[in-house]
Structures are given as C-alpha cells and as structure tokens.
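Engineer: Curious how this folds, go ahead:
(2 chains)
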Amino acid sequence: MKHTDDFAPEDLPAIEVLPPAARFSLRARPAQAEVLGRALGLTLPGRVGERTGEAGREAMCLGPDEWVILAPEEDGAAIVQALADAYGEAPHALADISDREIRFRVSGKGTLDLMAMGCPRDVSAIAPGRGARTVFDGATVVLWRDGEEDVRLDVWRSFAPHVRDLLETGRAELAAGL
Amino acid sequence: MLLIHCPYCDETLPESEFAYAGEAHIARPADPSATTDEEWRDYLFIRSNVKGAHYERWRHVHGCARFFNAVRDTVSDRFLTTYPAGAPRPALSDLEASE
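Structural biologist: Predicted coordinates:
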C-alpha cells in the first residue's frame, strides 16, 4: 500500500490541530440570551445549530438553553468578568471548558467524505456557517462547518487521539481510493 | 438505522445520536415512604411492555442533550410522533387520525 505522502496533498483533506482558544459553556434560560449576548458583544443565536460571530468571538447554540462561546485565548478573563457583571440581571451558568477540548480543522477536497466515515449525520446537510454537536465514531464532537469543504471539530481531550487516528486512517483510505 | 425527529433541534437525525431511556410518563410517587412495597416495586420495575404504540423516553445525547418523549410502534419500529418532555401525553386516536 502506498503511503499518504505519495499522493498529491491538494487532492486530500488536510488535518491540523488548531492552537488553544478560550472556550466556555454557557447555560441560561432563552429569555436571558439577549442580555448575555450584549455582555459578550454578540447576538446569541436562538436556534440549535445556528452560529454568530463578532470580533474574534464565536457562539453556537447547542441546545435550547446551551451555548458554546469561543474566543482568542487572551480574551477569556474579559468574558468571565463581563458575564459576572451581567449575573444580577441575567442568571446563568458559565463554565470554562478551554482545556477540555482539542480543536481539529479538516479542510480541502474530500473533507465531507472523511466526515462521512465517522458521522452518522449527513454533514453536507449542515449549511456552511452552521454547526452541530454530533458524534464521530462514538466520540461527541462539536462540528463547525465553515465552508463547503472546511470543518472544525472540537473533541474532548481524552477522545482526541482516537479521533485523530481515525481521521488519519480515513485520509489514507481516501488516498488509496477506497 | 432509525431516523428520529428531535423536537428541540427540529431535525430528523440518525439513531446513533440518541439514547433510549425507558418508558415515558411514569410519575415518581410524591411520598415514597407512604407507599407499600408492592407500589414501590411497581414504580421501579413494572413496565407495560406493549406490543404496538409505546410511549417512551429518548435522549439526544450526542446533540442538544435533551430528554424528550416519543411514541414508537414496537412492531414496525416506526415513530408516530416525538414531543418535548413535560408535554401532555398525546392520545393514540389523534396520532392515528393524523396519518
């Protein structure tokens, strides 16, 4: 069997580990979303799977009362402070999960085929600019579809080697034309 | 694979994202210490085990993580409906009428 390095890299999806980011899990009643969004400097999306972004901060709605917030690493303390200040007006639960997940980016030709190897959900049905919490071969992943063939995956740290290996194996299978 | 409609995500998604969570609409006795052993046993263990439309709980564990209720035909595995947890139990006659 030929090694993946023998194939032209532009024909295969690229798998990279993205640098650490500040990441928060935000739980609150939907009625508080407007106030909390204002404190974060963005509009919290109202429906599951929708995303918003503003000035490097991103939010995705994961459940009817749950959001994930991503921001540059140095922005984390400011987010904690901003939401603590808003607590009186809008009760909520904010958990810092920056260290809980590793972030992969898969991009380039064949990305959707690679995703289909692990995700039972039809990833092509998630419109670019949306996302979902779903499952990749048994591991929960938060999938952000950034472009037609461009996705980011947030994977729990302990599952990351497993997911990484599967992605690499899938890439080798794509290279072999399987 | 079953396709299940999550009432919170409002999408029909593969079964692998969900976890089954037993029969629905089983209310915990308000005062457990006042129940007899037989009543407590029935609450804990005795289930209807119907052949046909079964009211059951599911959890969208690899998704919005919410519990919801479903009515599934245990013979054909077809889902008649799904509805949010806490919503009243839909009458079977209404479900069959809407088909």
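
Engineer: Which residues of chain B lie near chain A?
Structural biologist: B:1, B:8-11, B:13-17, B:61-66 (Cβ under 8 Å from any Cβ of the partner chain). Placement of C-beta: from N, CA and C, glycine included.

Engineer: Apply 7 Å and report the result again.
Structural biologist: B:1, B:8-9, B:13-14, B:16-17, B:62-66 (Cβ under 7 Å from any Cβ of the partner chain).

Engineer: Contact partners for A:Val141?
Structural biologist: Listed by Cβ atoms under 7 Å, 6 or more residues apart in numbering or on different chains, the contact set of A:Val141 reads A:134-135, A:153-155, A:163.

Engineer: residue ranges of the helices in chain B, please?
Structural biologist: Remark: helices assigned in chain B by DSSP state H are B:37-45, B:92-97.

Engineer: quick check: longest strand of chain A.
Structural biologist: Longest strand in chain A by number of residues (criterion: DSSP state E): strand A:139-147.

Engineer: beta partners of the most centrally placed residue in chain B?
Structural biologist: Chain B has B:Glu56 as the residue nearest its centroid, 1.8 Å off, counting by Cα atoms, centre = their mean. B:Glu56 has the following beta-bridge partners by DSSP bridges: B:Glu23, B:Ala70.

Engineer: Could you double-check that it lies in contact with B:Glu23?
Structural biologist: Yes - counting by Cβ atoms under 7 Å, B:Glu56 does reach B:Glu23; the two are 5.6 Å apart.

Engineer: List the strands paired with the helix or strand where A:Thr52 lies, with their directions.
Structural biologist: Element membership for A:Thr52 (DSSP states H and E) is strand A:51-54. Using DSSP bridges, strand A:51-54 pairs in its sheet with strand A:57-63 (antiparallel).
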